[in-house]
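Enquirer: For reference, the sequence and a predicted model appear below.
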Amino acid sequence: MNTPNKLTILRIIMTPIFMVTLLVDFKFHYIVALLLFIVASLTDLIDGKMARKHNLVTDFGKFLDPLADKMLTTAAFLGFIALDIGVGSVWIAFIVLFREFMISSMRLVAVSSGGKVIAANIFGKLKTVSQMVAIIYAITVEAFADLFPKLEALANIFRIGTSVLLWISAILCIISGVIYMLDNKEFVDPSK
């Protein structure tokens, strides 16, 4: 197994640890969750660049890397529902999960019907980056509120930004999902 694929597996392993640190209330848990999320997100950046630079791109990596991203971001969105972070977090999580199940199903059909591995395109990557930025911002705001309880009013203002960023990522989720479906409509034909 090459190094980029090992980094992808590391991101998968880090995901439940991130979720625990996000949800279990202990001193500085938001900071620990934030650091874990940032490190896991950086593995996504590093593994892709390394795979392309050193010609280590594999079908395994093309398939598993987007799944690892989905696991990490979905864990955060589910955690946000439990913690009531972001206006409409249930709807945002629904949009994300609906899109991810649709695209993952299409990828499975593509592999099983023609052996085609559908890699992430630029719109999927933009969606993932927007989600990671929104998640990092949201957890940072909660860490700030936790560290400085007397500044709760300021934290509430920052929370407006959390909702805005989360909804931007949800909109990009819809756009990228539609583009994936249109670009790969041959795998969506129900008559096959």
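Expert: Noted; the coordinates are in hand.

Enquirer: Show me where the chain has its helices.
Expert: Along the chain, the stretches classed as helices by DSSP state H are 3-23, 29-53, 59-83, 89-114, 122-147, 152-183.

Enquirer: Now mean pLDDT and mean neighbour count too, for these, in TSV please.
Expert: All C-beta spots, glycine's among them, are computed from the backbone N, C-alpha and C. Below are the helices of the chain laid out as TSV (pLDDT from 0 to 100; neighbours: other CB atoms under 10 Å):
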stretch	mean pLDDT	mean neighbour count
helix 3-23	96	18
helix 29-53	93	18
helix 59-83	90	20
helix 89-114	88	17
helix 122-147	94	20
helix 152-183	95	16
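
Enquirer: Report the separation between A76 and K6.
Expert: As for A76, its distance to K6 is 23 Å (criterion: CB to CB, to the nearest Å).

Enquirer: should've said F80
Expert: Counting by CB to CB, the gap from F80 to K6 is 29 Å.

Enquirer: and if you look at T140?
Expert: Distance of T140 to K6, given as CB to CB: 28 Å.

Enquirer: same deal with I175?
Expert: According to CB to CB, I175 and K6 sit 32 Å apart.

Enquirer: right, and N121 touches L182 too?
Expert: No: contact criterion CB atoms under 8 Å: N121 and L182 do not qualify, at 11.1 Å.

Enquirer: May I have the residues that are in contact with the most centrally placed residue in the chain?
Expert: The chain has T73 as the residue nearest its centroid, 2.8 Å off, counting by CA atoms, centre = their mean. By CB atoms under 8 Å, 6 or more residues apart in numbering, the contact set of T73 is 96, 128, 131-132, 135.

Enquirer: Out of these, which is nearest to L151?
Expert: I135 (21.7 Å; CB to CB).

Enquirer: Does that closest one touch L36 like I think?
Expert: No: I135 is not in contact with L36 according to CB under 8 Å; the separation is 11.4 Å.

Enquirer: returning to that earlier point: pull the most distant pair out of the contacts of T73.
Expert: Going by CB to CB, the pair spanning these furthest: V96 and M132, at 12.4 Å.

Enquirer: Looking at D189 now. What's its pLDDT?
Expert: Looking at D189, its pLDDT stands at 68.

Enquirer: so who does F80 touch?
Expert: With CB under 8 Å, 6+ apart, F80 has these contacts: 86, 89, 92-93, 138, 166.

Enquirer: how far away is it from V164?
Expert: Taking CB to CB, one finds F80 at 14 Å from V164.

Enquirer: go on, L64?
Expert: Between L64 and V164 the distance is 31 Å, computed by CB to CB.

Enquirer: Kindly report the same for N2.
Expert: From N2 over to V164 the distance is 39 Å, taken as CB to CB.
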